[in-house]
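Undergrad: need coordinates for the following:
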Amino acid sequence: MTLKQIQLLIKNQNAWDLFGSDIDSRLKELLVGCHPDRFEDEKDKELALSLSKQLSLLAEKAREPRLSILDYLFVKDICTGDSSYVRLFEKAGKKYIFKSPLSDGVKKLVGTEFNLTKDLVSKSTGQVFEKFFRKPVEIIIDAKNKDYHCVYEYTDGLISVADLINMFPSGLDGRHIVWITRRVLAALAYLHSQDICHNAPTPDHLLVEYKGHGLVLAGLLHSTKTGEKPPVIPAKYTDIYPDKWVKDIKKASSGLDIYLAISSMLKLAGINCHTRIKNFLKGVQLESLTNPQSGIIIHDELGDLAKSLYGKPKFFELELINET
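TA: I've put the predicted structure just below:
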């Protein structure tokens, strides 16, 4: 077995499926395949050593009792999308998000999203980008009942841009539009740096941590490599996708992500947002499909505009008061 094959096994399987019932024999087999002494190249030796450590940790995990959905207490339903439904559970006083496919046909998408998120969190550990994603915990599979649940850590205080649009029909103050938009652009820039496009940064998938000015990017089951065709487009928001893209292109690009994200933020801007900020966002939207800029460049330019309008940046509290 090659290092690449072992690396893929670790990435794509949970501990219990990787080791099966005979943990010791399976561990021995895999450790032979990635023993550092088998390799002469220093990079291969380093990778082999890293994989060996990961396998040992996973073997310890596999010896633990496998979790079942029965180990968790259901709290409430959160939302249902085109492909999955999301619920809140609790275990030992800690809350968890359960994301489950609506049908067997989309099970692969939900699982791929989990593995992608796991990979993104792993690569961004210790960096500011780490907080842009829900932290994956485990995939729970109950073959008898055909249950499949992707479990994530719960982040308190999140509200979607879609809910903010409903909560504030006249829109938010421009200062809020600025900080939320800049968080979205930074999150997308990190995705694009990994050659990944979100394909659906729509209001439901932009989750704002309003008390601490944070953001979580949801809906990664729509994601693909740059240039690939998105697996699914959220039916609720087909109106914000550009007509030409829907009819002719249908390929993932950083420009499409920025177009959709800005479209989402313009829905939230409303009459309470400064005209210069709305005009800036409209200009970005117009250029995004033909001459897209890096999300970080737009992020910085928007920051400069806000500084010219409002002065030195400072924390501006978002109070969730329903205008209606």
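Undergrad: number of nearby residues for residue 165?
TA: 17 (other C-beta atoms under 10 Å). Every C-beta, even on glycine, is put in place using the N, C-alpha and C of the backbone.
Undergrad: can you check residue 133 too?
TA: Count around residue 133 with other C-beta under 10 Å applied: 23.
Undergrad: residues in contact with it?
TA: 117, 120-121, 124, 216-217, 220 (C-beta atoms under 8 Å, 6 or more residues apart in numbering).
Undergrad: which one of those residues sits closest to residue 138?
TA: Residue 138 lies nearest to residue 117 out of the contacts of residue 133, by C-beta to C-beta, at 12.4 Å.
Undergrad: helix/strand/coil for the closest one?
TA: Following DSSP: H, G, I helix; E, B strand; the rest coil, we place residue 117 in the helix state.
Undergrad: pretty sure it is in contact with residue 218, am I right?
TA: No - in this structure residue 117 lies outside contact range of residue 218 using C-beta atoms under 8 Å: 9.6 Å.
Undergrad: shared neighbours, these two?
TA: residue 134.
Undergrad: between these two, which is the more surrounded one?
TA: residue 218 (26 against 22).
Undergrad: ok, now which ones touch the closest residue to the more buried one other than its chain neighbours?
TA: Nearest non-adjacent residue to residue 218, counting by C-beta to C-beta, 6 or more residues apart in numbering: residue 205, 4.6 Å away. Going by C-beta under 8 Å, 6+ apart, residue 205 touches 160, 198, 217-219, 222, 234.
Undergrad: how much space between residue 205 and residue 11?
TA: Computed with C-beta to C-beta, to the nearest Å, the distance linking residue 205 and residue 11 is 24 Å.
Undergrad: how about residue 275?
TA: Counting by C-beta to C-beta - residue 275 and residue 11 are separated by 48 Å.
Undergrad: residue 134 too?
TA: 18 Å.
Undergrad: those two: who's more crowded?
TA: Each of residue 134 and residue 11 has its neighbours counted (other C-beta under 10 Å); residue 134 has more, 24 against 12.
Undergrad: if the closest residue to that one other than its chain neighbours is in a bridge, with which residues?
TA: Spatial nearest neighbour of residue 134, excluding adjacent residues (C-beta to C-beta, 6+ apart): residue 152 at 4.0 Å. Judged by DSSP bridges, the bridge partners of residue 152 are residue 97, residue 136.
Undergrad: residues contacting residue 152?
TA: So residue 152 contacts 96-97, 99, 117, 134-137 (C-beta under 8 Å, 6+ apart).
Undergrad: farthest pair in these?
TA: 96 and 117 (14.1 Å).
Undergrad: which ones are touching residue 130?
TA: For residue 130, the contacting residues are 121, 124, by C-beta under 8 Å, 6+ apart.
Undergrad: what does residue 139 give?
TA: By C-beta under 8 Å, 6+ apart, residue 139 lies in contact with 14, 111, 114, 148-151.
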